[in-house]
Each structure stands twice: as C-alpha cells, then as structure tokens.
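[1] Fold the following.
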Amino acid sequence: MWQYLGRRLLTSLSVLIGVSIFTFLMLHFVPGDPVHALLGRQAVSPERLEEIRQELGFNDPIPVQYLNYITDVLQGDLGRSLKNNRPVLDSILEQFPSTLQLTVAALIISSLFGIIIGSLNAAVHNTWLDKVLSVLTISGISIPSFFFGLLLILFFSVRLNWLPATAKSNDPKGLILPAITLAVGEACWLARLVRSSILEEMNKSYQWTARAKGASERTIMVHHVIRNSLIPIVTAISLQFVYLMAGSVVVESIFARQGIGRLAVTAIQNRDFPLVQGTVSFIAVIYVLINTITDLIYAVVDPRVRLK
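    Residues are numbered from 1 along each chain as shown. Predicted coordinates for the structure are as follows:
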C-alpha cells in the first residue's frame, strides 16, 4: 500500500514539474513585452523600462528565472500580480469559492443526468428510444459550450426573462444557466460511457453462471453488472471535476461570473505572467490530487484491484 502511494506521489510530482516547465516556457515565448503590458499607455524612458525589467527579473536567463520561480513556489509564494501587485495566491483563493460552487453544481447535474440517461440507453438497447437518446447525447457532446450558453441566454434570459444573463456568485438563480452550460457536454459524454460500460458487462458469460445458480435478473444487474461497470464510471466522474473546472474559463467569461477561469483570461490578456502561472499550477495540483484519490478508490469499488 505504502509502496503504491510512493509511486503515485512520484508520478504526481513529475506531472506538476512538467506542467510548471511547459507553462513557464509557453508564457516566455509568447510575442510581446509584459513590461509594456504592465505600464499600459504610460510614457516611460528606455532607461526606466530596463530598470523595471531588472527589478522583475526578466533580464535573468530563463533557467535562472524558472529556478527562482520554483524556489518561491516551494515556499508557498506564487509571486505577485504584475497588474495590481497583489499576492497571486490571495487572488486565486479569493476567486476559488465561486469556481468551486459552479464546478460542484455542474458535476452534480452531469453525473445525475449522465448516469440516468446512460442506464436508460443501455436498458432500451436496439430500440427506437435507444437511437433517439444516442442522437441527443452525440449532439450534446458536439455543441460547443460557448454556443450552447449563448442559446440559453437568448431563450431563458432575453425571450422568457426567467433567469439572469449575468451571474453573480451570491445569486442562486445566476448559477443555473452557467452550471447547465458547463454540465451538458460532460453529461452526454458520461451517458455514452455508462451505456457502453453496462452493455459490455451484460454480454459477459458470468451472467449465465449467476442465472444457473438461481440469481434473479435484478440481483445480476445490481450486484454484478452495475458493480463491475463502476470502475470507468467512477474514473470519469472524478476526472470530470477537473475538466469542468478547466471549462469554467469559457463559461465564466460568457456569463460574466467571477472565478478562477475569468481570472486566468484576464491575466492572459494583461500578460500577467505570475498570475497565469499561479492559476494553471493551482488547477494542475487539483487535477493530480483527484487523480490520485481516484486510484485509491478503485480498491473499494472493485475487489479485483489490489494495491501492492
């Protein structure tokens, strides 16, 4: 057990290091000067520009800048925003509750409807209802979230005036449209996975053994088919949390909702290197933690999994 945990932690650490290197290099190779973006339209002499670059460490070689960044991160310091000089970690933690609220709401919607629709899809296999549900789920996967969100705003906000078009973090009604927009694609994808997983288990030969022993169809479905189908489903739901959090970048921008996603978009527009690196690293840490926890849950869900 402890050996397995050690291997997982080493793998997680390598993933985080890779993400930090990729993000750091990507930002530094993007055309443009962050100092000019920081100063905006202020008229500054070339000598002052050079002084600011020196103060911010942009004149150091890239490997030195990265080592300085990692050293600060290991001490719990993600740097300070170039735009407002606030600590990056404070800005992220301030916006995180709003993004977490949206992500959890979307995860509940996608998991509930995904499992229900997928199970129904498998139960009516090879019928006209199966074909209708398959078309609907494929359509839901194919529709971009930004386009679906605009349709919801047009219909429920502009035409019917039932729900607000802009979402405030403290307004329950303002959470409905963003959560649905964020959840619909993942719900349809999960429904396809649930359908495939259940149908695969229903075609396995162990069911004939269970029937020969006198097990009812309900017992076979609940204790064998559904239980053995849980591994890919649990994996998908756990990873959906991170996908939904990443998808909040688009949804929060569409609905003018505060959160990490909108914070990252603003940081990219302002070329605020520390803030972009901080938000990406924060989401990467959450992804790695959830992935590791999911691996540990496997042994509880499926007794065939053994952690050594």
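[2] and H125, what pLDDT?
    Note on H125: pLDDT of 80.
[3] wait, it sits on I198?
    No: H125 sits out of contact with I198 when judged by C-beta atoms under 8 Å, with a separation of 9.0 Å. Glycine gets a C-beta too; all of them are placed from N, C-alpha and C.
[4] Between those two, tell me which one has more neighbours.
    Between H125 and I198, counted using other C-beta atoms under 10 Å, I198 has the larger neighbour count: 22 against 12.
[5] Not counting sequence-adjacent ones, nearest residue to the more buried one?
    Leaving aside its sequence neighbours, I198 sits nearest to A122 (C-beta to C-beta, 6 or more residues apart in numbering; 4.0 Å).
[6] how about the one you found, what does it touch?
    Shown in contact with A122 (C-beta atoms under 8 Å, 6 or more residues apart in numbering): V194, R195, I198, L199, M202.
[7] What of T137?
    Contacts of T137 by C-beta under 8 Å, 6+ apart are I117, N121, C188, W189, A191, R192.
[8] before we move on, what about G185?
    By C-beta under 8 Å, 6+ apart, the residues touching G185 are G140, I141, I143, S145, F148, G247.
[9] domains of the protein?
    Per automatic domain parsing, the structural domains of the chain span 32-77, 88-301.
[10] remind me, longest helix of the chain?
    When the chain is parsed with DSSP state H, its longest helix is helix 88-123.
[11] after it, next one along is what?
    Once helix 88-123 ends, the next helix or strand along the chain (criterion: DSSP states H and E) is helix 128-142.
[12] Format the contacts of A122 as TSV; extra columns: pLDDT, secondary structure and distance to L175.
    Shown next, in TSV, are the contacts of A122 (pLDDT from 0 to 100; DSSP: H, G, I helix; E, B strand; the rest coil; distance: C-beta to C-beta, whole Å):
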residue	pLDDT	secondary structure	distance to L175
V194	84	helix	25
R195	85	helix	29
I198	78	helix	31
L199	79	helix	35
M202	71	helix	37
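[13] Could you identify the most distant pair in those?
    For those, with distances taken as C-beta to C-beta, the pair at the greatest spread is V194 and M202 (12.3 Å).
[14] Would you format the contacts of G185 as a markdown table with distance to L107 and pLDDT included?
    Shown next, in a markdown table, are those (distance: C-beta to C-beta, whole Å; pLDDT from 0 to 100):
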| residue | distance to L107 | pLDDT |
| --- | --- | --- |
| G140 | 16 | 85 |
| I141 | 17 | 85 |
| I143 | 19 | 84 |
| S145 | 15 | 82 |
| F148 | 17 | 86 |
| G247 | 11 | 79 |
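[15] what's the angle between whichever helix or strand L150 is part of and helix 128-142?
    Using DSSP H and E, L150 sits in helix 145-152. With axes from the mean of the first three to the mean of the last three C-alpha atoms, to 10 degrees defining the directions, helix 145-152 sits at 110 degrees from helix 128-142.
[16] Please check the contacts of T137 and keep the buried ones.
    Among these, those scoring as buried are I117, N121, C188, W189, A191, R192 (criterion: 16 or more other C-beta atoms under 10 Å).
[17] Flag the least confident of those.
    Across those, the bottom pLDDT score, 83, is held by N121.
[18] contacting residues around that one?
    N121 sits next to D130, L133, S134, T137, A191, V194, R195 when contact means C-beta under 8 Å, 6+ apart.
[19] helix/strand/coil for V15?
    helix (DSSP: H, G, I helix; E, B strand; the rest coil).
[20] Pull the number of nearby residues for the closest residue to it other than its chain neighbours.
    The shortest distance from V15 to any non-neighbouring residue, by C-beta to C-beta, 6+ apart, is to V288 (5.7 Å). Neighbourhood size, V288 [other C-beta under 10 Å]: 20.
[21] List the residues that contact V288.
    Contacts of V288 by C-beta under 8 Å, 6+ apart are S12, V15, L16.
[22] Same check on A183?
    A105, A106, L107, I109, S110, F113, L244.
[23] gap between F148 and T137?
    According to C-beta to C-beta, to the nearest Å, F148 stands 14 Å off from T137.
[24] repeat for P164
    In this view, P164 and T137 are 29 Å apart by C-beta to C-beta.
[25] In PyMOL, select just the buried ones from the contacts of G185.
    Restricted to buried positions by 16+ other C-beta under 10 Å, the PyMOL selection for these reads:
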select buried, resi 140+145+148+247
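[26] Buried residues, stretch 69-82. List them.
    Judged by neighbour count (16+ other C-beta under 10 Å), stretch 69-82 contains these buried residues: Y69, V73, L78, G79, R80, S81, L82.
[27] what do you get for stretch 61-70?
    For stretch 61-70, the buried set under the neighbour-count rule, 16+ other C-beta under 10 Å, comprises Q65, Y66, Y69.
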